[in-house]
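Undergrad: Below are the sequence and a predicted model; questions follow.
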Amino acid sequence: VIVRRISVNVSKKYDVLIGRGLLADIGKLIKPICISNHVAIVTDDIVSELFLKIIESSLGKCGISSVSFIFPNGEKSKNIDTLSSILEFLAENQIRRNDTLIALGGGVVGDIAGLAASIYMRGISVIQVPTTLLSSVDSSVGGKTAIDLKHGKNLAGAFWQPSMVVCDVDIIESLPDLVFSEGMAEVIKCNLIKDLPIINWIEQGVLRSHLEDVVFYCVDLKREIVERDEYDVIGVRNTLNVGHTVAHAIEKLSQYKYSHGIAVGTGIVIESQISMKMGICSPDVVKRIMTAIREYNLMIYDMPWTPEEMVDAMKSDKKNRSSDVVFELPISFGNCKEVYVNPIELKTLLKTG
Ligand SMILES: NC(=O)c1ccc[n+]([C@@H]2O[C@H](COP(=O)([O-])OP(=O)(O)OC[C@H]3O[C@@H](n4cnc5c(N)ncnc54)[C@H](O)[C@@H]3O)[C@@H](O)[C@H]2O)c1
């Protein structure tokens, strides 16, 4: 098995392993960093059906015993009740401080299991095993963990870096089209932040034959950014918010009817149009962005909200520091800049064209 390794050098140094067939070898891969020979696996009901047996068998072969907590899949589970059930499960099963938690699943599992690990016995080690494209290229790396509250998404959480991330590209390869596409919004975003060959692979129709490189490039970009701003205090992590100002407004106004991927895809297109109208990016760049987003069906065509409603939703974004709305606008592929836009001007920009 060929494993590519990205070392993330933050308060806790850890490796992201990227390769094929890694799940079947997970026992061997994690053994060196497991202090005890006991782990708790947290996963959802879809992922457990697909991968729990493989992982348990691999752990068993290496003398690592495990218990598993399975919760219903989807964002609706990312709440305080599931968190509480995970913590009680860990205690009931006598998980100790030197045992390890394995978060096996997409971003929902990663976020809630990471948060549980950060507070159970004041913090135990967590290994992230992402099973969606989104969690592989984004949420499993960087240490942000969270649950949603009734008042909004990700409102309670902690920074808790994993001890390792194991990313099996074979899993990404076999994802249902919809789940795969949702992750592509974040992948396209990465190519707007950094000059990467990904957009060319999309345009040439060969992206899938470069999947390992795609994951590698995106994780390495995330590494670069979190190493510069681990706790999101100096604004460097805001770079990752291309498309997200509009996306958060769409999620909020639709009451999360649209997936994060579709909201981000549409957000990237609308923000690139704003950028063009402000003279920041060229029509050609917008056209390439739109074609890539359409390729993965990540565009909402019948947006039911008025520009006024959109701007009001964007004004409440937690990243804003004044009454202006902050964007990370694309200039071209590999080049973005932070721009504050006055709400009145923003309404006009959203209205025209
Ligand atoms: N912590 C961070 O930095 C960060 C960054 C971005 C997003 N997020 C969070 O990530 C979440 C979204 O992540 P997601 O899109 O992975 O969602 P998800 O975890 O809900 O997964 C999407 C769906 O795919 C299913 N699934 C997972 N793996 C599968 C597989 N291999 N085959 C078939 N189905 C599979 C899941 O059961 C689920 O139904 C959101 O809650 C978001 O807030 C966190």
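TA: Good, I have the coordinates.
Undergrad: how much space is there between residue 62 and residue 5?
TA: Counting by C-beta to C-beta, to the nearest Å, the gap between residue 62 and residue 5 amounts to 19 Å. In this view, the C-beta of every residue, glycine as well, is placed from N, C-alpha and C.
Undergrad: Surely residue 339 touches residue 326?
TA: Yes: under the contact definition of C-beta atoms under 8 Å, residue 339 touches residue 326, with a separation of 7.4 Å.
Undergrad: Between the two, tell me which one has more neighbours.
TA: When neighbours are counted by other C-beta atoms under 10 Å, residue 326 comes out ahead of the other of residue 339 and residue 326, with 19 against 16.
Undergrad: Identify the residues contacting the strand or helix carrying that one?
TA: Element membership for residue 326 (DSSP states H and E) is strand 325-332. Taking C-beta atoms under 8 Å, 6 or more residues apart in numbering as the criterion, the residues outside strand 325-332 that touch it are 192, 238-242, 244-245, 268, 271-272, 274-275, 278, 280-282, 285, 289, 311, 314-315, 317, 319-320, 336-341, 343, 346.
Undergrad: Which members of those are classed as buried?
TA: Buried members of these, scored by 16 or more other C-beta atoms under 10 Å, are 192, 238-242, 244-245, 268, 271-272, 274-275, 280-281, 285, 289, 311, 314, 317, 319, 336, 339, 341, 346.
Undergrad: Just the ones of those in helices?
TA: Those of these mapping onto helices are 192, 244-245, 268, 271-272, 274-275, 285, 289, 311, 314, 346, per DSSP state H.
Undergrad: quick one: which of those is nearest to residue 68?
TA: residue 244 (33.1 Å; C-beta to C-beta).
Undergrad: quick one: contacts for the closest one?
TA: 264, 267, 328.
Undergrad: Let's see the pLDDT reported for it.
TA: Here the pLDDT value assigned to residue 244 is 96.
Undergrad: Could you tell me how many residues sit around residue 309?
TA: Residue 309: 13 surrounding residues under other C-beta under 10 Å.
Undergrad: What parts of the stretch 251-353 of the chain come near the ligand?
TA: On the criterion C-beta under 6 Å from any ligand atom, the ligand has as its neighbours in the stretch 251-353 of the chain the residues residue 260.
Undergrad: my read: residue 112 touches residue 147, true?
TA: Yes: taking C-beta under 8 Å as the contact criterion, residue 112 and residue 147 are neighbours in contact, 5.8 Å apart.
Undergrad: Those two: which is more packed in?
TA: residue 112 (27 against 22).
Undergrad: Let me see the confidence value for the more buried one.
TA: Here, the pLDDT recorded for residue 112 equals 98.
Undergrad: Who are the packing partners of the helix or strand hosting it?
TA: With elements delineated by DSSP H and E, residue 112 resides in helix 107-119, which encompasses its position. Using 3 or more C-beta pairs under 8 Å, 6 or more residues apart in numbering; DSSP states H and E as the contact test, the elements touching helix 107-119 are strand 38-44, helix 80-92, strand 100-105, strand 125-130, strand 144-149, strand 152-159.
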